[in-house]
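Q: Sharing a model that was predicted from the sequence below.
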Amino acid sequence: MIKEKEKALEFHKEWMKKLEAVISDGVFDLETDPQKCGFGIFYKSMVPPSGIEEIWERIGNTHEELHKVASKILMNIKNGDKESAQKLFEEAKGLSKELISTLDECEKECKDVIEKSS
């Protein structure tokens, strides 16, 4: 799972750069469906060990919320409201940090579960 997690984080960070580019450059090259982005594909494909479900669900919820905020950003940009889009991007950055932090917590818990079962 660790290798997959690192790849998923790369996808997520690239996605955040693309979200920022929507605001700064007006470039609409962003997957808005949380099931189809690189991180979403990782999330759907992984089955967390028993005892990690609550953390895993938090990751999924944060990821879904991030995509909702991104959709609002896209709407604001399409409507010419860059200021609101920028404020929402700050919210998205907070969600991104939360997602990464919770994913790190999940990795630690997974390692603990594996060590206990060995």
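A: Right, received. Where do you want to start?
Q: got a list of what H67 touches?
A: With contact taken as Cβ atoms under 8 Å, 6 or more residues apart in numbering, H67 is in contact with 32-34, 37. Bear in mind the C-beta positions are built from the backbone N, C-alpha and C, glycine included.
Q: next structured bit after the helix or strand K18 falls within?
A: Per DSSP states H and E: K18 is located in helix 2-25. Per DSSP H and E, helix 2-25 leads on to helix 38-45 as the next helix or strand towards the C-terminus.
Q: what angle sits between the helix or strand following that next one and helix 38-45?
A: Using DSSP H and E, the helix or strand that follows helix 38-45 towards the C-terminus is helix 53-78. Helix 53-78 and helix 38-45 are oriented at 150 degrees to each other (axes from the mean of the first three to the mean of the last three Cα atoms, to 10 degrees).
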